[in-house]
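# coordinates only, sequence not included:
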C-alpha cells in the first residue's frame with residue numbers, strides 16, 4: 001500500500017533527525033515538530049518511536065544496498081562504475097553521515113537483516129565484479145584483490161571520514177568549510193589510491 005504524504009513526511013523527518021544529526025534518542029515530539037505534524041500522527045502510523053526508527057533504518061538499508069547492486073551488477077567497465085559508486089555513496093553519506101553507525105549496530109543485533117539481499121543480489125554482483133577485477137589484473141592495470149576486499153575498501157574509505165568528521169575537525173583544526181572540502185576530495189583520493197590512476 002502506498003504511504004500517505006503525511007507518512008512520508010514523518011519518515012523524511014525521522015531520517016534527518018536519526019541519520020543526519022545522530023539523535024538516536026530523539027522524542028516523537030521532536031520528530032513531529034521536524035515533520036510539521038501532530039505527535040498523534042506518529043503513533044497512528046508507527047505506534048512507537050522505536051517502530052519508526054526500525055522502519056526508516058530498514059528502508060535506508062534497502063535503498064543503499066539496491067544502489068550498490070545497481071552499480072556493481074551493471075555492464076559498465078570497472079573504473080567508471082567505481083566512480084559512479086563513489087559519487088552516489090558519498091552523496092548519501094553527506095546527507096546521512098550517521099547512517100553507517102546505525103546500520104552496523106542494528107545488523108549486529110539482527111543478523112538476518114541482510115539475508116534477503118544476499119539471496120537476491122550478492123552472488124550475481126560479486127561474480128561480475130570478480131570477472132572485471134580479474135580482467136584488470138590480467139592487463140596489469142590493477143593488483144589482485146578479491147571482490148569482497150574491493151567492496152570493503154571502497155565503503156570503509158568512503159565512510160570513515162563522515163563517521164569521524166567531528167574528530168577530524170578537532171584534530172586538523174578544520175572549520176565547516178574545511179571539513180566539507182576535505183570530504184569532497186575523498187572521491188578522487190580513494191579512486192586514485194585503488195587504481196593508481198587519475199580520477
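Alright, I've got the coordinates. Since the structure is predicted, the reported quantities are computational estimates derived from the model, not experimental observations.
# OK, contacts around residue 92?
By Cβ atoms under 8 Å, 6 or more residues apart in numbering, residue 92 lies in contact with 64, 67, 99. (Each C-beta comes from the backbone N, C-alpha and C, glycine too.)
# Would you mind giving the secondary structure of it?
Assigned with DSSP: H, G, I helix; E, B strand; the rest coil, residue 92 falls in the helix class.
# what's the answer for the one 5 residues further on, then?
Three states are possible here, and by three-state DSSP the one that applies to residue 97 is coil.
# Which residue comes closest to it once chain neighbours are left out?
residue 162 (4.2 Å; Cβ to Cβ, 6 or more residues apart in numbering).
# Name the secondary structure element that contains that neighbour.
Assigned by DSSP states H and E, residue 162 belongs to helix 147-163.
# For that helix, buried residues please.
Neighbour-count burial for helix 147-163 flags 147, 150, 151, 154, 155, 157, 158, 159, 161, 162, 163 (criterion: 16 or more other Cβ atoms under 10 Å).
# Among those residues, which one lies nearest to residue 170?
Ranked by distance to residue 170 (Cβ to Cβ), the buried residues of helix 147-163 are led by residue 161 at 13.5 Å.
# any idea how far that closest one lies from residue 174?
11 Å (Cβ to Cβ, to the nearest Å).
# what sits up against the lengthiest helix in the chain?
Criterion DSSP state H: the longest helix present in the chain is helix 49-72. Helix 49-72 is contacted by residues 10-11, 14-15, 18-19, 24, 26-28, 31, 42, 45-46, 81, 84-85, 88-89, 92, 96, 99, 102-103, 106, 113-114, 117, 121, 125, 128-129, 151 when judged by Cβ under 8 Å, 6+ apart.
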